[in-house]
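Q: I would like to see how this sequence folds:
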Amino acid sequence: MDVLATRSEAQTLLSKNRWDDTAAAALPALDCLVYRSQLLGQDRTIMNMYGGNTSVKRLETDHMGREVEVLWVKGSGSDVATITEQGFAGLRMADMLPLLGRAAMSDEDMIAYLANATHALNRPRQSIETLLHAFTPARHVDHTHPDAVISLACASNGRALCEELWGERMVWVDFIRPGFTLSKWIGAGIRSNPHAELVVMGKHGLVTWGDDSHATYDRTIAVIQEAEAFIQQKRGERA
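A: Numbering: from 1, shown residues only. Sure thing, here's the model as predicted:
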C-alpha cells in the first residue's frame, strides 16, 4: 500500500486542538473524561462511529466503604461523539492487574472475568479493549483511529515510516485482533520503553496517555498533527 495515496490530495488542513480551558476548568474527573471523549469523537477523522475508547483511573468508594481504584472506560456500543457519564463502565483495577501475569486468555474467559470485576452496576458491557486501558500505566488513556496514523500503520512499510517519524517515542505493535494478547503486548511495550509517548498498532490505530484529561487530549492531537505533517512532507518530496 502506498501511504501517500491513502488520504485525499485535497485534505491539507491539520487536525485542530479544540480544548476549551473555560469549559473544562470546573469539571470533575468523570465529566472531564466525557468532555475529552466528545471532542475526540466529534471529529470523524480521529474516531469512527462506535470505534475507539477513552478512560480514566480514579479512586472510588465501594459498597463496603473501602477506597478502591476504578477504571472508567467507554462501554461497548457507545458513540464517543455523544457519550455521557452513563456510557462508561467501571471496573476494579485490583481485579484486572493480576492478569498481566497470565500468558493467554480467550475472549470468552476474559469477558466473563471482567464481568466479575465490575464496580458500577447498570452500566454498559465492558469493551473487548478494556484491558488495553487497564494495562497502560497511566491515569488517562485515549485509543483512537486517526486517518493519518492509520494511513501510516496500514502501509506496507508502516513500521519503518512510524519509526522514522517518532523514533523511540513510539511503541510499535504488530497487527493482532483486539483482546487479551493485544492488551498485554501494549502494556509490556510501554513498560519496557521509558521514552514511550504513544503506541501505534499496525493496521489498527493509536494509543496515547497522560496525567490528566487536558494533557492526554493535547498529546493525542499533537501526535495526529505530526502524522499529518509527515504525510504532507512525504507528498512534497514526491512532487
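Q: Could you grab the helix/strand/coil label for the residue most central in space within the chain?
A: Geometric centre of the chain, nearest residue: H143, 1.4 Å, by CA atoms, centre = their mean. Under DSSP: H, G, I helix; E, B strand; the rest coil, the three-state class of H143 is strand.
Q: Hmm, L206 and it touching each other?
A: Yes - H143 is in contact with L206 according to CB atoms under 8 Å; the separation is 7.2 Å. Placement of C-beta: from N, CA and C, glycine included.
Q: Now for these two: what residues contact both?
A: In terms of CB atoms under 8 Å, 6 or more residues apart in numbering, H143 and L206 are not both contacted by any residue.
Q: so T216 is in which element?
A: helix 213-238 (DSSP states H and E).
Q: picking up where we left off before, do you know the pLDDT at the residue nearest to the centre of the chain?
A: Confidence at H143, expressed as pLDDT, is 98.
Q: Now do the strands in this structure.
A: Ranges of strands within the chain are 53-61, 67-74, 88-92, 140-144, 170-173, 198-201, 205-210, based on DSSP state E.
Q: Check which helices and strands the fifth one sits against.
A: The elements that strand 170-173 packs onto, with contact taken as 3 or more CB pairs under 8 Å, 6 or more residues apart in numbering; DSSP states H and E, are helix 158-166, helix 180-191, strand 198-201.
Q: As CSV, those with mean neighbour count, mean pLDDT and distance to P98 would be great.
A: What follows is the helices and strands packed on strand 170-173, written out as CSV (neighbours: other CB atoms under 10 Å; pLDDT from 0 to 100; distance: least, CB to CB, whole Å):
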stretch, mean neighbour count, mean pLDDT, distance to P98
helix 158-166, 18, 98, 31
helix 180-191, 19, 98, 12
strand 198-201, 24, 99, 22
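Q: Can you give me the buried ones in stretch 68-78?
A: E69, V70, L71, W72, V73, K74, G75, S76, S78 (16 or more other CB atoms under 10 Å).
Q: partner residues bridging the fifth one?
A: Legend: beta-bridge partners of V73 under DSSP bridges are S55, A89.
Q: and it, what is it in contact with?
A: With contact set as CB under 8 Å, 6+ apart, V73 has these partners: N53, T54, S55, F88, A89, L91, Q126, S127, T130, H133.
Q: ok, the residue nearest to the centre of the chain - contacts?
A: For H143, the contact set (CB under 8 Å, 6+ apart) comprises G52, N53, T54, E129, L132, H133, G205, L206, V207.
Q: Now for the second one: which residues touch it?
A: By CB under 8 Å, 6+ apart, the contact set of N53 is V73, K74, V80, S127, E129, L132, H133, H143.
Q: Check the residues you listed and tell me the two furthest apart.
A: V80 and L132 (15.0 Å; CB to CB).
Q: related to what we said a few turns ago, any idea how far the helix holding T216 is from the chain center?
A: From the chain centre to the centre of helix 213-238 is a distance of 16 Å (CA atoms, centre = their mean, to the nearest Å).
Q: do stretch 120-135 as well
A: With CA atoms, centre = their mean as the basis, stretch 120-135 stands 13 Å off its chain's centre.
Q: Name the residues of it that come out as buried.
A: For stretch 120-135, by 16+ other CB under 10 Å, it's R123, P124, Q126, S127, I128, E129, T130, L131, L132, H133, A134, F135.
Q: Adding distance to A26 and pLDDT, write the residues you listed out as JSON lines.
A: JSON lines is the format used below for the buried residues of stretch 120-135 (distance: CB to CB, whole Å; pLDDT from 0 to 100):
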{"residue": "R123", "distance to A26": "25", "pLDDT": "92"}
{"residue": "P124", "distance to A26": "26", "pLDDT": "92"}
{"residue": "Q126", "distance to A26": "29", "pLDDT": "90"}
{"residue": "S127", "distance to A26": "29", "pLDDT": "92"}
{"residue": "I128", "distance to A26": "34", "pLDDT": "95"}
{"residue": "E129", "distance to A26": "30", "pLDDT": "97"}
{"residue": "T130", "distance to A26": "29", "pLDDT": "98"}
{"residue": "L131", "distance to A26": "32", "pLDDT": "99"}
{"residue": "L132", "distance to A26": "30", "pLDDT": "98"}
{"residue": "H133", "distance to A26": "25", "pLDDT": "99"}
{"residue": "A134", "distance to A26": "29", "pLDDT": "99"}
{"residue": "F135", "distance to A26": "32", "pLDDT": "99"}
